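>>> Fold the following and give me the result.
(one chain, ligands or ions: 1)
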Amino acid sequence: MKHELPRLPYPSDALIPVITKNTIEYHYGKHHQAYVNNLNSLISGTPFENMSLEEIIKKSDGGIFNNAAQVFNHTFYFSSFRPGGSNLPKGSLSAAIDAKWGSFDNFKKEFANAAATLFGSGWSWLVKNEKGELSIIKENNAGCPLTSGLVPILTFDVWEHAYYLDYQNRRADYITALWSIVDWEKVASRY
Ligand code: MN
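From the prediction side, this is the model:
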């Protein structure tokens, strides 16, 4: 199957000032699109051609894995935001976060710390296991929790291309700003 760049659920200038139009145009328009194009070209004529994106991620390695996982990770990341953000709804995710980290604020502190301390390029993830237990993990490069059988709930992209145009070397400021645009209703629906 041919993979497509999914449409963003908001206009390219809707997340200003947290993520500028310029960053969306490069990060989504160029980087995300390039992963899609590379994936289509790499799987052409291989057994991966007829697999779903998730199946490719679980079965491939090397360049095919890197591009497939980056397509998934970026689609997941960009679909976790909405202009102005939202509050975490009371419900099962909220209760599970409180049970694990004591409070929503404490969870955010731990998640931000994971994102800030990830060395080099990668992703911080909130995931759940098959028992519904939450954890925060760091993945380097194109790392994706699907390969460990974990269910992704939230991710922050901490590759420099995600923030350098807007924040230069200030990764911590980017992470702090991202909280204000998280679509928690969407995130909670993944739990
Ligand atoms: Mn990225």
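
>>> switch to C-alpha atoms for all contacts and neighbour counts from now on
OK.

>>> separation between the residue nearest to residue 188 when sequence neighbours are not counted and residue 181?
Nearest non-adjacent residue to residue 188, counting by CA to CA, 6 or more residues apart in numbering: residue 93, 5.7 Å away. Plainly put, residue 93 is 18 Å away from residue 181 if you go by CA to CA, to the nearest Å.

>>> Please give the element, helix or strand, for the residue nearest to residue 188.
Here residue 93, judged by DSSP states H and E, is contained in helix 92-101.

>>> Name the residues that touch the helix or strand following that helix?
Once the chain leaves helix 92-101, the next helix or strand it forms, by DSSP H and E, is helix 104-117. Outside helix 104-117, the residues that touch it by CA atoms under 8 Å, 6 or more residues apart in numbering are 94, 97-98, 101, 123-126, 136-138, 156, 158, 171-172, 175-176.

>>> Just the C-alphas of the helix or strand hosting residue 57, formatted as CSV.
Residue 57 belongs to helix 53-59 when assigned by DSSP H and E. Taking Å, rounded to 0.1, in the frame of the first residue of the first chain, the C-alpha atoms of helix 53-59 are listed here in CSV:
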residue,chain,number,x,y,z
LEU,A,53,2.4,0.7,8.9
GLU,A,54,2.2,-1.0,12.3
GLU,A,55,3.1,-4.3,10.8
ILE,A,56,6.1,-2.8,9.0
ILE,A,57,7.3,-1.2,12.2
LYS,A,58,7.1,-4.6,14.1
LYS,A,59,8.8,-6.6,11.3
